[in-house]
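Q: What would the 3D arrangement of this be:
(4 chains)
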Number of protein chains: 4
Amino acid sequence: MAQGNAPIHDIIHLGAVELLTPKPDKSLWYFRDVLGMELAHARGESAYLRGYGDYATSTVKLTQSKNPGVGCISWRAASPQAMERRAKAIDASGLGLGWSEGDFGRGRSYRFRTPDGHLMEVYYEETKYRAPEHLRSTLKNLPQKYTGRGANVRRIDHLALLARDVAANRRFAQEQLGFQLREQVIFENGKTEIGSWLSPTAVHHQVAFVKDVKGGSGRLHHFSMWVDNREDVLRAATVLTENGVFIEAGPSMHNNSQGFYLYSYEPGGNRIEVYSGSYLVFAPDWEPVTWNEEERGTGVYWGGALPESFLTYATPDIPAPAAAARSEVPVFDPN
Amino acid sequence: MAQGNAPIHDIIHLGAVELLTPKPDKSLWYFRDVLGMELAHARGESAYLRGYGDYATSTVKLTQSKNPGVGCISWRAASPQAMERRAKAIDASGLGLGWSEGDFGRGRSYRFRTPDGHLMEVYYEETKYRAPEHLRSTLKNLPQKYTGRGANVRRIDHLALLARDVAANRRFAQEQLGFQLREQVIFENGKTEIGSWLSPTAVHHQVAFVKDVKGGSGRLHHFSMWVDNREDVLRAATVLTENGVFIEAGPSMHNNSQGFYLYSYEPGGNRIEVYSGSYLVFAPDWEPVTWNEEERGTGVYWGGALPESFLTYATPDIPAPAAAARSEVPVFDPN
Amino acid sequence: MAQGNAPIHDIIHLGAVELLTPKPDKSLWYFRDVLGMELAHARGESAYLRGYGDYATSTVKLTQSKNPGVGCISWRAASPQAMERRAKAIDASGLGLGWSEGDFGRGRSYRFRTPDGHLMEVYYEETKYRAPEHLRSTLKNLPQKYTGRGANVRRIDHLALLARDVAANRRFAQEQLGFQLREQVIFENGKTEIGSWLSPTAVHHQVAFVKDVKGGSGRLHHFSMWVDNREDVLRAATVLTENGVFIEAGPSMHNNSQGFYLYSYEPGGNRIEVYSGSYLVFAPDWEPVTWNEEERGTGVYWGGALPESFLTYATPDIPAPAAAARSEVPVFDPN
Amino acid sequence: MAQGNAPIHDIIHLGAVELLTPKPDKSLWYFRDVLGMELAHARGESAYLRGYGDYATSTVKLTQSKNPGVGCISWRAASPQAMERRAKAIDASGLGLGWSEGDFGRGRSYRFRTPDGHLMEVYYEETKYRAPEHLRSTLKNLPQKYTGRGANVRRIDHLALLARDVAANRRFAQEQLGFQLREQVIFENGKTEIGSWLSPTAVHHQVAFVKDVKGGSGRLHHFSMWVDNREDVLRAATVLTENGVFIEAGPSMHNNSQGFYLYSYEPGGNRIEVYSGSYLVFAPDWEPVTWNEEERGTGVYWGGALPESFLTYATPDIPAPAAAARSEVPVFDPN
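A: Got it, this is the predicted structure:
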């Protein structure tokens, strides 16, 4: 499949992710004490966190909620003009929600929903992080001290969203957001688009849309934090296990994306990945890599097979569809 | 369980392992081209190999055979006197076979069988490896050049042997060989000894005896080669996969032994581990760590669950016992 | 210093580097047998190589020459139109050389010289690599098999060029090539621009211009190949040392760029880096990080100090300037 | 040089090291908050610490003192009888001091001085560590939780002691303590013994005696803590640097011992190594590896040269000898 649109670079990278959690205190413990992020701010029912390598003041927002899941997903535009262009285009697509006043650390944004209903926004103004004295790094080009606490994740990397109609959401990301399509899983001789991985930057993917086998909408499969070396993922496995956090899968290596992964559930229920490896994509004429049933296999290059829950659990959790409906939905693993 | 005998240090370390293979050429390719060992010698139906860090001329012998499995397992004695003492003691135990003339790189040895029938020997004379010019290391204390080929395993580490009566073999290793018992898996409220890990040196274990769920005798569960860092095991996973070698389990971390493992099958059928991590045992009064059903769980600290084959496959392969017999044998994973 | 121009994305990444060598056979040995690259093609006095992760057919060209140094540096454009735009702009700048017919694996290109005289070109047409059977990876998204030979470098990353007037070359890269300025070393209270690091993509830098302390022109400080983990750099150090290749500096970590580096000299004399770590830059309004004398220090975050040769040696090598001239040129280390 | 005595295994491993510090609070911060050890006990002017992998209750004792340096070095005997045998032999050598009542976590000991005056003791009774609830590991065979704090060193490994007469101390360790000689640096055609590395166990060395170039006595060159992977040493470098701790040398690799090292000064002034790699020695007839001036070179296999301070600084610090005396003392680096 050729790229529908050349990337237009109006959106330049994933800026922030809001996670909903019914257990905000325990989720904060997970991200701060176990993953080693810093609490940058707290306001009302939300806590704002950051990785030591994120240049923004905050990249992860935890918001108390009845159910877990993903809140607003923020994409940074390349310029104020680029933001306006995207707003106009999305508005024309009929999925726009209008302008917001911004949030902690970010200026006004244009909000919209994906065809599947995930809430997103595009913004330009960003408060660059200025570390307080005790968090100042001895490296001038590192936004914040490497504190050496827990898994000490560096920065946000990507998220995987479930969707009832993967193709519709993939096209939206290509056409309205200007993302480049990187890889796809397509079953049944090219008829069923099971998953698509896209990115606005050289990072392999910053968003994936994957078939929701339960037929839900707006759900989160996982959110991913980056560490620099595979060894950091192994170390994270020990840190998580010593802290009694359930590891669902990994450390292992995916075939799709070449990511070296580890998936755990934060106490609120969301699936969080500690991630390294993968590969950068530079080609402007990148040909998406497409995997059929046989090539995709279990989604694992080497390492233990992914458990059933990886295919069926997402947040918020919903009941499985009735047997009749389920038979139409291929089971698949997103990564 | 207290140590039956204080280690007597007559046997000082695992010296060499002979593997039987019905596909000698392909097995040689596996050990030399994929694992990165060197061929030190070839004679008749045997090839003699070595890891770059082994001080002996050869530590792995591949011998053509109708079926895969383990041939002779060689233990080095601390001195000629120690060898004589062990020979005498083993002879008195009724399991002695008598003296051999030695093999390539090693002098005469006293041969015997474990209660389960595995062939072993104790020897003292050893030809220290002298590298030919093209394999000389730039490190004076490294026996051989690190060639940077394939997984480039450093040295032999340990083996796991299946046994019908684990306790009998464990006692033999403690009492006749002077090994220290390091860990055990004991099920059914202390009644059923499923596996025992022992060593004559600070290395966590150099031999394990594990219940043969098929009721066979003299079989090999796996043989293990050491690499220095966990990252080397990950790299080995890619090297093996790129060479089309099936990886049965790992890279992952065991709970018992804390070993960081990767198991593949060499083309002859034997299960070979690439191994790092674990821990050294220094205490003379070490209390063996004992795991019951619940504590042992799947045998994995983190990482994918071990597959069924890990519990049922060993070399030579034999048919499963009849259903009646099988019900008496607890299923278990050795590592 | 604010970014002069917003990146315009006409040039999208470093595509290939030609290295000149007076010892082509030995240089080929270094890149193929020690670094683990593949020979993709040979023609006349040139050998064409590639890293297993490069999507292009060839990314490194070795050309026999009287002296070592850098030949043509190839930048890929985002589209044919982008190539034309760059050609027009560079032509207008007076530094254009005109169109070439292309080279092995790449179509026509527009050639030009930097203000300091380095030969560069911009091209669009690229032959995507199709691996022959024996080099086909078991990963569908990996262009070529990971062969597990030597240091097994993955892909080209960046180069550092010496220049008499760093500012002039830096401005040229910003204004004519659309690169984003990432970091700078500026001495004497902001008066003397010692080094500037720039990139057209999220990779921290793909080119650096650094003061030529000997007052030469068109010289190469180093060319850099990427590996995925710091551990791979350590392993490369052993591989290089076992092969008798001189390591000039590292493995260590730079402060500027956060690169984890290892510098050796290939037999032709060029300084080659094996490189990992560093950080990606996503911000469209990135504020270049500027280091003064004190902040820059030795250029090392931790690890051994860089040797004198790192400051004075480049290819082709030239005599040191007369003492009078030399006193005007601050000594500095590029990375 | 052949081994004088076969190892007699009466002493089985390094058990504990006491460090003297003029800045006990800051030293405690270094070992607990930066290296990640646990405080097991505090009494009077001493703090008792442990690595998460040490089986003993405490392995490092920090004692307030006017000057830094090493206090008592404790070796564990294989049995009460072995302790008595060593006591008798050392007493006969004229270097015995008599019996002590023991210390926190250890029973009675026989104390003595090396020929150079270092205080040592041999003991048998040891209190095995029982972790409090909040430090209990999820691994049954790990004495204590891996807390994921700072460099998180695992266990004590070895120490290097300066001596006026290396040969005398080396012979004492071989003959009275039963250690095996592993490596030596001998200059001037075999006449001047510059350094000797010895061990009572498979670990490459647990003590080194190295020429004191200032002619002092009883001084400490460094004390070393183990981590499992080289990557952990790299990570420690960042943790130390972010905490403002001076790194004197490394991360790099020694030729002698093959150790992968990092040396910093704890706030009290003692040189502390974070260490991995090296190799285990199994051979009962190990031939010590001997390095002359040329072979030894800088003591570094790859990585930055060791700084002058590594050769001249030890604790307690003392003035350099007068020029006349100094000329007799070869400068050398211990590791």
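Q: Would you list the phi and psi of the residue in the stretch 51-200 of chain A that chain D sits nearest to?
A: Residue nearest to chain D within the stretch 51-200 of chain A (Cβ to the nearest Cβ): residue A:148, separated by 4.2 Å. C-beta: built from backbone N, CA, C; applies to glycine. Dihedral angles of residue A:148 (phi, psi; degrees, to the nearest 10) stand at phi 70, psi 40.
Q: residue contacts, it?
A: For residue A:148, the contact set (Cβ atoms under 8 Å, 6 or more residues apart in numbering or on different chains) comprises A:36, D:36, D:149, D:150, D:151, D:235, D:238, D:239, D:242.
Q: So which residues of the stretch 101-250 of chain A form helices?
A: Along the stretch 101-250 of chain A, counting by DSSP state H, counting those that start in this stretch, helices occupy A:166-175, A:230-242.
Q: Show me what the first one is packed up against.
A: Spelled out, that is helix A:166-175. strand A:180-187, strand A:192-199, strand A:207-211 (3 or more Cβ pairs under 8 Å, 6 or more residues apart in numbering or on different chains; DSSP states H and E).
Q: got the CA positions of that helix in CSV?
A: Backbone C-alpha positions of helix A:166-175 (Å, rounded to 0.1, in the frame of the first residue of the first chain) are rendered in CSV as follows:
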residue,chain,number,x,y,z
VAL,A,166,-9.0,0.2,11.8
ALA,A,167,-9.0,1.4,8.2
ALA,A,168,-11.1,4.4,8.9
ASN,A,169,-8.9,5.5,11.8
ARG,A,170,-5.7,4.8,9.9
ARG,A,171,-7.0,6.9,7.0
PHE,A,172,-7.9,9.7,9.3
ALA,A,173,-4.4,9.7,10.8
GLN,A,174,-2.8,9.8,7.3
GLU,A,175,-5.1,12.3,5.8
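Q: And the contacts of it?
A: A:3-5, A:93, A:95, A:114-116, A:161, A:163, A:179-181, A:184, A:193-196, A:198, A:207, A:209-211.
Q: what does the longest one give?
A: Helix A:230-242 has contacts (Cβ under 8 Å, 6+ apart) with A:34-35, A:150-153, A:227, A:247, A:250-251, A:260-262, A:264, A:274-277, B:229-231, B:234, B:253, B:260, B:301-303, C:228-229, C:231, D:137-138, D:145-148, D:229, D:231.
Q: now do 7 Å
A: Helix A:230-242 is contacted from outside by A:34, A:150-151, A:227, A:247, A:251, A:260, A:262, A:264, A:274, A:276-277, B:230-231, B:234, B:301-302, C:229, C:231, D:137-138, D:145-146, D:148, D:229, D:231, using Cβ atoms under 7 Å, 6 or more residues apart in numbering or on different chains.
Q: Run the chain-centre distance for that helix.
A: 20 Å (Cα atoms, centre = their mean, to the nearest Å).
Q: what does chain A put close to chain C?
A: By Cβ under 7 Å from any Cβ of the partner chain, the residues of chain A that approach chain C are A:6, A:9, A:12-13, A:53, A:55, A:78-79, A:139-142, A:183, A:201-203, A:228-231, A:255, A:258, A:277, A:279-280, A:282-284, A:289, A:291, A:295, A:301.
Q: just the helices of the stretch 101-250 of chain A: most buried one?
A: Per residue and on average, the most neighbours among these fall to helix A:230-242, with a mean of 25 (mean count of other Cβ atoms under 10 Å in any protein chain shown).
Q: tilt between it and helix D:230-242?
A: 80 degrees (axes from the mean of the first three to the mean of the last three Cα atoms, to 10 degrees).
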